[in-house]
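Undergrad: would you be able to build a 3D model of this:
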Amino acid sequence: MADGKTINYSAERIIGNGSFGVVFQATIEETGEVVAIKKVLQDKRFKNREMQIMRQLQHDNIVQLKHCFYCNGEKPDELYLNLVMEYIPDTLYGVARQLQRSKQLMPIVLVKLYIYQICRALGYTHSMGVCHRDIKPQNLLLNPTSHVVKICDFGSGVDQLVEIIKVLGTPTRDQIEAMNPNYTEFQFPEINAHPWSKVFRSRTPPEAIDLITKMLEYDPTNVDVATREILVPKDARTASNWPVDETGAWPSDAAPVEGGAALVVPTTSQS
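TA: Take a look at the predicted model:
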């Protein structure tokens, strides 16, 4: 049910699955619109965090939640939440794998374009008080025609802090305070930082490694400076052309792509 109207979905194929549930490609029978539907088992004791977050977020580089509905499972006590989202045909992971199989490299101009869009989306989510915690190629939807990137999967990431410490090393007390002044306990495992030379392949451009090392910092003030470097060339950077509003979020009109694709992704079943 959406806006007082019953909507019927025709599930066509499974396009993703995992511990969270399953994602279907589906068609809205009344309009023929293709959508993606994420079906997750709902614990009746709690509200779904992903649904709450996605209802708050409206950005060109974040997958759009169109509506949602509940349905019963096979067992008496089972209740499923279905998140109906715009459909995006591929992921950055899928495109990268295709290039790898054909022994091709992704053009640097596309790498820059994708990073730009990811930074815009993260700048916006952080300004809204939302931390994704699981940014990876599989969670970056990509339209290979328009090259528009959209972040998806706002379910909480699992054990990401441990993985971060494995690369960046244990944060210092000053870094912890910069991230969260209210955090008083300091009980992380003592791990040395992993050399960046071993993280990236030898053919990676030095300037790319330099940028990533600046972005992947514990201190958010340092990260903010690094991400701004992506949007404005150093020799052109002034207070007047800095594309950031007072909240620190990248404005939607700072996008390098005009009129990006508005493909819609919903998912299965009947409402």
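Undergrad: what is the distance between the lengthiest helix in the chain and the centre of its chain?
TA: Looking across the chain with DSSP state H, the single longest helix is helix 108-127. Centroid separation between helix 108-127 and its chain, computed with CA atoms, centre = their mean, to the nearest Å, is 10 Å.
Undergrad: next one: stretch 6-14
TA: 25 Å.
Undergrad: picking up where we left off before, so which bits of the longest helix of the chain are buried?
TA: 110, 113-126 (16 or more other CB atoms under 10 Å). For the C-beta atoms, the positions are set from N, CA and C on the backbone; glycine is no exception.
Undergrad: tell me the one among these nearest to Leu142.
TA: Tyr114 (7.5 Å; CB to CB).
Undergrad: apart from its chain neighbours, what residue comes closest to the closest one?
TA: Val149 (5.1 Å; CB to CB, 6 or more residues apart in numbering).
Undergrad: tell me the confidence at Asp253?
TA: Looking at Asp253, its pLDDT reads 41.
Undergrad: for Val257, same thing?
TA: pLDDT at Val257 comes out at 34.
Undergrad: likewise Glu207?
TA: 84.
Undergrad: look up how far Phe20 lies from the residue of the chain most remote from its centre.
TA: Relative to the centre of the chain, and counting by CA atoms, centre = their mean, the farthest-placed residue is Pro76 at 34.3 Å. The gap separating Pro76 from Phe20 is 22 Å, by CB to CB, to the nearest Å.
Undergrad: so where's the stretch 101-250 of the chain uncertain?
TA: Residue ranges of the stretch 101-250 of the chain with pLDDT under 70: 156-160, 184, 186, 224-250.
Undergrad: what strand or helix carries Glu50?
TA: Using DSSP states H and E, Glu50 maps to helix 49-56.
Undergrad: which elements pack onto that helix?
TA: Judged by 3 or more CB pairs under 8 Å, 6 or more residues apart in numbering; DSSP states H and E, helix 49-56 is in contact with strand 65-72, strand 79-86.
Undergrad: got the contact list for it?
TA: Outside helix 49-56, the residues that touch it by CB atoms under 8 Å, 6 or more residues apart in numbering are 40, 62-63, 65, 68, 81, 83, 85, 128, 130, 153-156.
Undergrad: between it and strand 79-86, how big is the angle?
TA: Orientation note: helix 49-56 sits at an angle of 30 degrees relative to strand 79-86 (axes from the mean of the first three to the mean of the last three CA atoms, to 10 degrees).
Undergrad: chain center to helix 49-56: distance?
TA: 13 Å.
Undergrad: what angle do helix 108-127 and that helix make with each other?
TA: Inter-element angle recorded for helix 49-56 and helix 108-127: 100 degrees (by the same axes, to 10 degrees).
Undergrad: give me the most central residue, the protein.
TA: Computing the C-alpha centroid of the chain and ranking residues by CA atoms, centre = their mean puts Ile151 first, at 2.8 Å.
Undergrad: where does that one fall, phi/psi-wise?
TA: Phi and psi for Ile151, reported as degrees, to the nearest 10, are phi -80, psi 140.
Undergrad: just use 49 as the starting number from now, easier for me
TA: Will do, 49 is the new start, and the previous item becomes Ile199.
Undergrad: show me what contacts Asn120?
TA: Contacts for Asn120 were tallied using CB under 8 Å, 6+ apart; they are 126-128.
Undergrad: gap between it and Lys92?
TA: Asn120 is 12 Å from Lys92, where distance means CB to CB.
Undergrad: what touches both of these two?
TA: Joint contacts of Asn120 and Lys92 (CB under 8 Å, 6+ apart) are Leu127.
Undergrad: burial check on Cys111, number of neighbours?
TA: Wrong residue type there; residue 111 is Val, not Cys. Val111 has 26 neighbours, counted by other CB atoms under 10 Å.
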